[in-house]
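Peer 1: From the sequence below, what's the structure:
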Amino acid sequence: MSNASGSSAGTGTGPSPAAGSAARPALRAARTDAEPPARGARFAAVGAGRMGRGIAIAFAYAGHRIALVDLLPRSAEVLAKLRAEVNGEVRASLQGLVALGALRADQVEVVAARIGFVAAEHAPVALAAAELLFEGVPETLDAKRSAFAAMNAHGRADAIFTSTTSSILVTQLAALVQRPERFLNMHWLNPAYLMPVVELSTHPGTSAEVLARTKALMEGIGKLPVVCGPTPGYIVPRLQALVMNEAARMVQEGAATAEEIDKATRYGMGLRFAALGVVEFIDFGGIDILHHASREMSESVDAARYAAPAIVGRMIDQGHLGLKTASGFHDYAGRDIAAYRRGVLQRVLGQLQHAGLWRAAAEQTLD
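Peer 2: You can find the predicted model right below:
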């Protein structure tokens, strides 16, 4: 286990050929007299920083061996320090799951042993064995170009390459891989071993077979893959950035304190959006309600931030108002609407009970 490539300091992969130029192997072939850790592992996290470690824990927890690959040549002293740091963080994360009752104490070493830290000299062997690889080096094109040069040089022809970038579009990175049809971005939410959603961002050349295989592999370790096109911010970061910036503005304006906003979002907005997806919530309340609320907010707060998109007006004109008309962003034709509503309320009630916020009905009339 290791933390080389995903950290902010001293973790870049160094200079590399420019995009579009012939990529030379970034690493020399592994020595034949050394037995690389995680030999034969089907999965490889390329870049052993925080994201790589989290991905490694996710696969190891699900029973898979995974190579945690550090691409930087290092002195023996630095490498030993790095290995110890990664081992320590992995075990600390697993001990945290023990404390939460999600893992037995006797499973910590079993799970940790499935993660093999691979130093640069043995990286070619690990890269050549993996069927699914996760690039997780620092967020610079130079670092990613160098990492993909190594992956191109040593990876299997049938391997699937992914990038865990949070900021670089898949269309831009696709130019760095030899087989772009076998490439997509995969955005993990931190902590990677805990959060179920992974966002798969495809480009026009990503093959349907590769997407289906990637989804199946991720579902196999208990993840919930969601798919989007080559859009900035994927889905979750794009939505949450708007909410977080608006919350900061409210504090700045003195509209409410940080504590009150956090209480409102945890037990108001958060509970509802855990029971209903955001678009589903629009349908549930009514697309016309969103239209009227947006018009009021755009007039009283900021038109640029609150004006409803054109699709909202078009759907109202077409009579698609959501659940009340059985058609909106989703199609509710043929569904048992009463049962659907009960299911939503049941999910909300379950969360309220879990949070200790639900009270039983009063037995006596108080006033």
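Peer 1: And residue 152, how far from residue 204?
Peer 2: Here the distance between residue 152 and residue 204 works out to 20 Å (Cβ to Cβ, to the nearest Å). All C-beta spots, glycine's among them, are computed from the backbone N, C-alpha and C.
Peer 1: which of the two has more neighbours?
Peer 2: Between residue 152 and residue 204, counted using other Cβ atoms under 10 Å, residue 152 has the larger neighbour count: 18 against 10.
Peer 1: ok, for that one, nearest residue in space, not its chain neighbours?
Peer 2: Computed as Cβ to Cβ, 6 or more residues apart in numbering, the closest residue to residue 152 that is not its neighbour in sequence is residue 178, at 4.6 Å.
Peer 1: Same check on residue 348?
Peer 2: Leaving aside its chain neighbours, residue 348 sits nearest to residue 275 (4.7 Å; criterion: Cβ to Cβ, 6+ apart).
Peer 1: Counting neighbours, what do you get for that neighbour?
Peer 2: Neighbouring residues of residue 275 were enumerated by other Cβ under 10 Å; the total is 19.
Peer 1: That one contacts residue 352, correct?
Peer 2: No. Checked against Cβ atoms under 8 Å, the pair residue 275 and residue 352 is beyond contact range at 10.1 Å.
Peer 1: Give me the secondary structure label for residue 44.
Peer 2: With DSSP: H, G, I helix; E, B strand; the rest coil as the basis, residue 44 sits in strand.
Peer 1: measure residue 121 to residue 135 for me?
Peer 2: When Cβ to Cβ is applied, the distance between residue 121 and residue 135 equals 19 Å.
Peer 1: Show me which of those two is the more surrounded one.
Peer 2: A side-by-side neighbour count of residue 121 and residue 135, using other Cβ under 10 Å, places residue 135 first with 31 against 18.
Peer 1: Wait, that one touches residue 147, no?
Peer 2: Yes. The criterion here is Cβ under 8 Å, and residue 135 meets it with residue 147 at 5.1 Å.
Peer 1: who touches both of those two?
Peer 2: Common contacts of residue 135 and residue 147, defined by Cβ atoms under 8 Å, 6 or more residues apart in numbering, comprise 46, 47.
Peer 1: Now residue 265. Nearest residue, chain neighbours left out?
Peer 2: Spatial nearest neighbour of residue 265, excluding adjacent residues (Cβ to Cβ, 6+ apart): residue 247 at 7.3 Å.
Peer 1: so how many other residues sit close to residue 310?
Peer 2: Taking other Cβ under 10 Å as the neighbour definition, residue 310 ends up with a count of 8.
Peer 1: Please disregard the earlier target; I meant residue 245.
Peer 2: Counted with other Cβ under 10 Å, the neighbours of residue 245 add up to 11.
Peer 1: Domain map for the chain?
Peer 2: Residue ranges for the structural domains of the chain, counted by automatic domain parsing, are given in the record as 17-228, 236-354.
Peer 1: May I see those organised as CSV, with mean pLDDT and distance to residue 364 added?
Peer 2: Formatted as CSV, the entries for the domains of the chain read as follows, by pLDDT from 0 to 100; distance: least, Cβ to Cβ, whole Å:
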stretch, mean pLDDT, distance to residue 364
domain 17-228, 91, 38
domain 236-354, 96, 22
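Peer 1: so which of those comes closest to residue 360?
Peer 2: Among these, domain 236-354 comes nearest to residue 360, with 10.5 Å by Cβ to Cβ.
Peer 1: quick revisit: distance of the residue nearest to residue 152 relative to residue 161?
Peer 2: Applying Cβ to Cβ to residue 178 and residue 161 gives a distance of 9 Å.
Peer 1: And for residue 309?
Peer 2: Distance of residue 309 to residue 161, given as Cβ to Cβ: 34 Å.
Peer 1: Check residue 229 too.
Peer 2: With Cβ to Cβ as the criterion, residue 229 and residue 161 are 18 Å apart.
Peer 1: Then residue 363?
Peer 2: On the measure of Cβ to Cβ, residue 363 and residue 161 end up 63 Å apart.
Peer 1: ok, those two, which is more surrounded?
Peer 2: Applying other Cβ under 10 Å to residue 363 and residue 161 shows that residue 161 carries more neighbours, namely 27 against 5.
Peer 1: Let me see the contact set for the nearest residue to that one once chain neighbours are set aside.
Peer 2: Computed as Cβ to Cβ, 6+ apart, the closest residue to residue 161 that is not its neighbour in sequence is residue 183, at 4.7 Å. Remark: with contacts taken as Cβ under 8 Å, 6+ apart, residue 183 is in contact with 160, 161, 162, 163, 170, 173, 174, 177, 203, 206, 210.
Peer 1: again, only using 6 Å
Peer 2: Neighbour list for residue 183: 161, 174, 177 [criterion: Cβ atoms under 6 Å, 6 or more residues apart in numbering].
Peer 1: Helix, strand, or coil at the second one?
Peer 2: Spelled out, that is residue 174. On the three-state scheme (three-state DSSP), residue 174 is labelled helix.
Peer 1: Pull out the buried residues from stretch 213-233.
Peer 2: By 16 or more other Cβ atoms under 10 Å, the buried positions in stretch 213-233 come out as 213, 214, 215, 217, 218, 221, 223, 225, 228, 230, 233.
Peer 1: Lovely, talk soon.
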